[in-house]
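> dropping a prediction and its sequence here:
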Amino acid sequence: MRKITVLTFMSLDGVMQAPGGPDEDREGGFTYGGWTFPYFDEMLGKVMGDQMAPPFDLLLGKKTYDIFAAHWPKQPETDPTATVINNAHKYVVSAEPAELAWKGSTLITGDVAAGLRALKAEEGPVLQVHGSSNLIQTLLKHDLVDELWLKIFPVTLGHGKRLFGEGTIPAAFKLLDCTTSPSGVIVASYQRAGDVVTGSFA
C-alpha cells in the first residue's frame, strides 16, 4: 500500500494559497501571493531537499499540475529539484477530462475517491501532494492522508484557501518531528493516529 503525504506551506491562520509568487493564484481576490519569501532561509531549503530526496511520485490537483508543468520542464538539467520533479510520475486529479502533455502524467477523473483509493492500494513509492488545495479537501474528507509535513510561517493572511477547509473531518495525529527555522518557521510532521479522544479535567 502506498502512503499519501501532504507537504504544505501555511500561515498561522491556516492559509496555504499562493505561497510562491504574486501571480501564482489570485482566485477569490487573493493579493498576498509570495508570502513565504521573507522567511525562506537556508534551513528551509535543506528541509525541502531532504523531504524530496527519497523516491516519490506526485499527486496533484489540475491547477497545481498546470503551474508545475509550465515551470519545471523548462529548468536546466543541472537543477537537482527540477530533475527530481520531472522524473517523478505525476498523478493528476481533475473533475473533468484533461490533456496532460508533461511526460509521465496520469489522469484521475470520474469517481475520484475510488480512483485515489485504488492508487493508494498499489505498490509504489510515497505519493507527495504539493499545493493542490482542492485535492487536499478531497483527501481529508475521505481520510486518505497518512502524514502532514507542514511549514508554518509567522504571518496571518486573513483570507484565502485553507489547508483545513471544508474537507476536514475529526481526526487525531501524532507529532513525528518538530523544529524551528532561524526565521521563525515551524517545521512539523504529523502522522494520522486514529480517532479524536475527548474527556474532562473535572
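That came through fine.
> ok, and the closest non-adjacent residue to the residue nearest to the spatial centre of the chain?
The centroid of the chain falls nearest to His130 when counting by CA atoms, centre = their mean (3.0 Å). Of all residues not flanking His130 in the chain, Leu7 sits nearest, at 5.6 Å (CB to CB, 6 or more residues apart in numbering). C-beta here means a position set from N, CA and C on the backbone, and glycine is covered the same way.
> name the next helix or strand downstream of the helix or strand containing the one you found, please.
Assigned by DSSP states H and E, Leu7 belongs to strand 4-11. Counting by DSSP H and E, the next helix or strand C-terminal to strand 4-11 is helix 42-51.
> packing partners for that next one?
strand 147-153 (3 or more CB pairs under 8 Å, 6 or more residues apart in numbering; DSSP states H and E).
> tell me the helix or strand right after the strand it packs on.
strand 173-180.
> and that next one, what's buried?
The neighbour-count check on strand 173-180 (16 or more other CB atoms under 10 Å) flags Phe173 as buried.
> return the backbone torsion pair for the residue nearest to Leu119 when sequence neighbours are not counted.
Distances taken as CB to CB, 6+ apart place Tyr91 nearest to Leu119, at 6.2 Å, with adjacent residues excluded. With angles defined as degrees, to the nearest 10, Tyr91 sits at phi -100, psi 120.
> which residues does Tyr91 contact?
Counting by CB atoms under 8 Å, 6 or more residues apart in numbering, Tyr91 makes contact with 57-60, 105-106, 108, 119, 127.
> pull out the buried positions in stretch 100-118.
Result for stretch 100-118 [16+ other CB under 10 Å]: buried residues 100, 102, 105, 107-108, 112, 115-116.
> can you tell me which of those is nearest Tyr32?
Trp102 (28.2 Å; CB to CB).
> Ile67 is in contact with the closest one, correct?
No - counting by CB atoms under 8 Å, Ile67 is not a contact partner of Trp102; they are 11.4 Å apart.
> so which helix or strand takes in Ala98?
Element membership for Ala98, per DSSP H and E: none, as it lies in no helix or strand.
> renumber starting at 48 from here on
Okay, using 48 as the starting number, the last item reads as Ala145.
> residues near it, how many?
For Ala145, the neighbour count with other CB atoms under 10 Å is 14.
> isn't it right up against Thr156?
Yes - under the criterion of CB under 8 Å, Ala145 makes contact with Thr156 at 7.5 Å.
> what's the residue nearest to His177 in contact with, if anything?
Taking CB under 8 Å, 6+ apart as the test, what Leu54 contacts is 98, 175-177, 196.
> which of those ranks first by neighbour count?
That'd be Val176 among the contacts of Leu54, by other CB under 10 Å, with 25 neighbours.
> check the gap between that residue and Lys50 for me.
11 Å (CB to CB, to the nearest Å).
> pairing partners for the residue nearest to His177 in the sheet, please.
With DSSP bridges applied, Leu54 shows beta-bridge pairing to His177, Trp196.
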